[in-house]
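1. following is a predicted model, sequence given first.
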Amino acid sequence: LLILSTAEAKPQNPPTGQCPHRPEQTLLYQVVARHYPAFVELMEAEERPLPGFVRREFEAYLKCGRLEHGFLRVRCEACQAEKLVAFSCKRRGWCPSCGARRMADTAALLVDEVLPEVPIRQWVLSVPFPLRFLFAREPEAMGAVLRLVVRAIESWLIGRSGHTRANAQGGAVTLVQRFGSALNMNIHFHMLLLDGVYAADRQGRPRFVSVASPTPVELAALLERIVARVGRHLERRGLLERDEEQAWLSGEEGEAGPLDGLLGASITYRIAVGAQRGERAFMLRTLPPADEDSVASDRVARVAGFSLHAGIAARADQRTKVERLCRYIARPAVAEPRLSLTERGEVRYTLKTPYRDGTTHVVFEPLDFLARLAALVPRPRVNLTRFHGVLAPNARWRGAVTPSGRGRGGRAGGRGADGQVEGEAPEPAKRQAVTWAQRLKRVFRLEIERCARCGGPMKVIAAIEDPAVVERILRHVGESEAGRSGAAAAGPRGPPA
């Protein structure tokens, strides 16, 4: 990337053929921009001021993809045509553009670098409402419970394969998803586990051993074991108390956090702010499906508010399916096409799939909608992607089984379909992150490295951040705030840089 001084950034040829990201024309941006100041004032008036990391999420989103806050100049080396590409906020909460880019990057990393070419199964664990609140407040407890869950499933796979932990190891990647289809806080675990284990052969090399899918009886027994282990762990940590009839969370009594009210309302589908605070959120329903007991129910176990699903799997040769699955579990929280406004100015959000009771939409007052968004912002420095077993960073066989070959036990030779490794390990090359242009081409089928006018190569020539120079260039090309006030919405496009 060539960074020119802002004094030298005046374009010789006006940029042409632009397809800029225009977030200000989306309903989500308009709702946030219009009601965010009032939301901040309301929270402060209720003596529940928003934490700094939540405010930064909103404020960065309002600048994301806006050319007024800086951009890259991209020029064709052949015909000198230019494009302007706005900067992004790069936040982890609910920005759709940055979430789409993170989805693409995560899926590319997992498929190209991490997940071996062996059968893979998705396991999804949902937890009761109280544990969702606990995990949101105490990420350390969430991490400890996740390790227990993965270890229990891995132990089942090892036992099913006929091996022991002494000579076999499973592998998994977990993406912690924080949202439900109604924009509610719903912390649950999407775990991509190898559908089998790696066992050492006579030479000590890893060889993959496939395992059959779990039966409904086995799935139910496994979930009961997980629930028991989670309960004992939380009890040892002093977070759970129980008697002969029931159990309840009993963390140390202390001052409530600023987000506790928003989190509790989001988890329990309640209204978080306003005159109707504490009441059930308004939902639109239709007739529930006549046949609720589908074939899929055989692949789901439910115990004491926990549910475990293990019905989606991919064969070793279905890498495209694995990448689609990775994109699905790494998707952003908010799907903008499902947002709309009612005649009264309320925000209506369409559920991806109707609930069992027939619920199809959830309706929010604008300030309550912002409260839902605030609850979805993760705390800083909480890793939402975890690696386990043979795929963990320091696992002894990681370099031998992953496509990149990096890590302990790396290889010089190739790996067969069964995971067998040949040769000694050289020092692996350092991974280069997927570029912005590669993301656009891989996910959105947009070619940004070639000029749309002549097909020549495009090159980033400058990063413009000085407000005065930004305004001068935008006025020159007719992209200023005033010049864009009546602009029509652009067509399909990828996320900003």
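-> Thanks, I have it.
2. tell me which element residue 134 falls in.
-> If you go by DSSP states H and E, residue 134 is part of helix 129-137.
3. kindly export that helix (C-alpha atoms) in PDB.
-> What follows is helix 129-137 as a C-alpha-only set of coordinates in PDB (Å, rounded to 0.1, in the frame of the first residue of the first chain):
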ATOM      1  CA  PHE A 129     -31.500 -18.400  29.700                       C
ATOM      2  CA  PRO A 130     -29.500 -18.000  33.100                       C
ATOM      3  CA  LEU A 131     -26.400 -19.400  31.500                       C
ATOM      4  CA  ARG A 132     -26.700 -17.100  28.600                       C
ATOM      5  CA  PHE A 133     -26.700 -14.200  31.000                       C
ATOM      6  CA  LEU A 134     -23.700 -15.700  33.000                       C
ATOM      7  CA  PHE A 135     -21.700 -16.200  29.800                       C
ATOM      8  CA  ALA A 136     -22.300 -12.600  28.700                       C
ATOM      9  CA  ARG A 137     -21.200 -11.200  32.000                       C
END
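4. between the helix or strand that that helix is followed by and helix 129-137, how many degrees?
-> Next along the chain after helix 129-137, taking DSSP H and E as the criterion, comes helix 139-161. Using axes from the mean of the first three to the mean of the last three Cα atoms, to 10 degrees, the inter-axis angle of helix 139-161 relative to helix 129-137 is 120 degrees.
5. what are the contacting residues of the helix or strand just after helix 139-161?
-> The first helix or strand that comes after helix 139-161 along the chain, using DSSP H and E, is strand 168-169. With contact meaning Cβ atoms under 8 Å, 6 or more residues apart in numbering, strand 168-169 is reached by 154, 158, 161, 197, 198, 199, 200, 209, 389, 390, 395, 397. Where you see a C-beta, it was placed from the backbone N, CA and C, and this is true even at glycine.
6. after strand 168-169 comes which helix or strand?
-> That would be, after strand 168-169 and using DSSP H and E, strand 171-179.
7. off-centre distance for the helix or strand that that following strand is followed by?
-> Moving toward the C-terminus from strand 171-179, the next helix or strand (DSSP H and E) is strand 185-194. Here strand 185-194 shows a centroid-to-chain-centroid distance of 11 Å under the convention Cα atoms, centre = their mean, to the nearest Å.
8. strand 185-194: partners in the sheet, and parallel or antiparallel?
-> Using DSSP bridges, strand 185-194 pairs in its sheet with strand 120-126 (antiparallel), strand 171-179 (antiparallel).
9. from memory residue 242 sits against residue 231, does it?
-> Yes. Between residue 242 and residue 231 a contact is recorded at 7.3 Å, counting by Cβ atoms under 8 Å.
10. is residue 388 in a bridge, and if so with what?
-> Beta-bridge partners for residue 388, by DSSP bridges, are residue 172.
11. need the pLDDT of it.
-> What the model reports as pLDDT for residue 388 is 96.
12. residues in contact with it?
-> 147, 150, 154, 170, 171, 172, 173, 174.
13. next SSE after the helix or strand of the chain with the lowest mean pLDDT?
-> The weakest-scoring helix or strand in the chain, judged by mean pLDDT, DSSP states H and E, is helix 436-443 (a mean of 65). Remark: after helix 436-443, the chain's next helix or strand is strand 458-464, criterion DSSP H and E.
14. where in the stretch 151-300 of the chain is pLDDT low?
-> 244-245, 247, 251-256, 289-298 (pLDDT under 70).
15. could you rerun that using 80?
-> Low-confidence segments of the stretch 151-300 of the chain (pLDDT under 80): 242-257, 287-298.
16. can you map out the helices along it?
-> Under the criterion DSSP state H, counting those that start in this stretch, the stretch 151-300 of the chain contains helices at 216-236, 260-267.
17. helices or strands up against the longest one?
-> The reference is to helix 216-236. Other elements packing on helix 216-236 under the criterion 3 or more Cβ pairs under 8 Å, 6 or more residues apart in numbering; DSSP states H and E are helix 139-161, strand 240-242, strand 300-303, strand 306-314.
18. reformat those as a markdown table; add distance to residue 183.
-> Converted to a markdown table, the helices and strands packed on helix 216-236 look like this (distance: least, Cβ to Cβ, whole Å):
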| stretch | distance to residue 183 |
| --- | --- |
| helix 139-161 | 20 |
| strand 240-242 | 29 |
| strand 300-303 | 23 |
| strand 306-314 | 20 |
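19. out of these, which comes closest to residue 58?
-> Of all the helices and strands packed on helix 216-236, it is helix 139-161 that lies closest to residue 58, at 21.3 Å by Cβ to Cβ.
20. deepest of the strands paired with strand 185-194, which one?
-> Greatest average neighbour count among these goes to strand 171-179 (a mean of 23), per mean count of other Cβ atoms under 10 Å.
21. return that one as PDB; C-alpha atoms alone will do.
-> Only the C-alpha atoms of strand 171-179 are listed here, as PDB (Å, rounded to 0.1, in the frame of the first residue of the first chain):
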ATOM      1  CA  GLY A 171     -10.100 -31.800  16.600                       C
ATOM      2  CA  ALA A 172     -12.600 -28.900  16.600                       C
ATOM      3  CA  VAL A 173     -13.100 -25.300  15.800                       C
ATOM      4  CA  THR A 174     -15.800 -23.400  17.800                       C
ATOM      5  CA  LEU A 175     -17.400 -20.200  16.800                       C
ATOM      6  CA  VAL A 176     -19.300 -18.600  19.700                       C
ATOM      7  CA  GLN A 177     -22.400 -17.000  18.300                       C
ATOM      8  CA  ARG A 178     -24.100 -14.300  20.400                       C
ATOM      9  CA  PHE A 179     -27.400 -13.700  18.600                       C
END
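22. residue numbering should commence at 226 henceforth.
-> In the new count, where the first residue is 226, that last one comes out as strand 396-404.
23. quick one: mean pLDDT for stretch 590-601?
-> Mean predicted lDDT for stretch 590-601 stands at 96.
24. my bad, should have said stretch 311-318
-> 90.
25. list the buried ones in that stretch?
-> 311, 312, 313, 314, 316, 317, 318 (16 or more other Cβ atoms under 10 Å).
26. do the same with stretch 371-380
-> 371, 373, 374, 375, 376, 377, 378, 379.
27. find the centremost residue of the protein, please.
-> Closest to where the C-alpha atoms of the chain average out (Cα atoms, centre = their mean) is residue 555, at 3.6 Å.
28. hmm, that one is touching residue 334, no?
-> No. With contact defined as Cβ under 8 Å, residue 555 does not count as touching residue 334 (9.8 Å).
29. may I see the buried residues of stretch 428-441?
-> Across stretch 428-441, burial judged by 16+ other Cβ under 10 Å covers 430, 431, 432, 433, 434, 436, 439.
30. just give the nearest non-adjacent residue to the second one, would you?
-> Nearest residue to residue 431, sequence neighbours excluded (Cβ to Cβ, 6 or more residues apart in numbering): residue 423, at 4.1 Å.
31. residues in contact with that neighbour?
-> Per Cβ under 8 Å, 6+ apart, neighbours of residue 423: 393, 394, 395, 396, 431, 432, 433, 434, 615, 622, 626, 644.
32. does residue 697 lie in a helix or a strand, and which?
-> helix 692-702.
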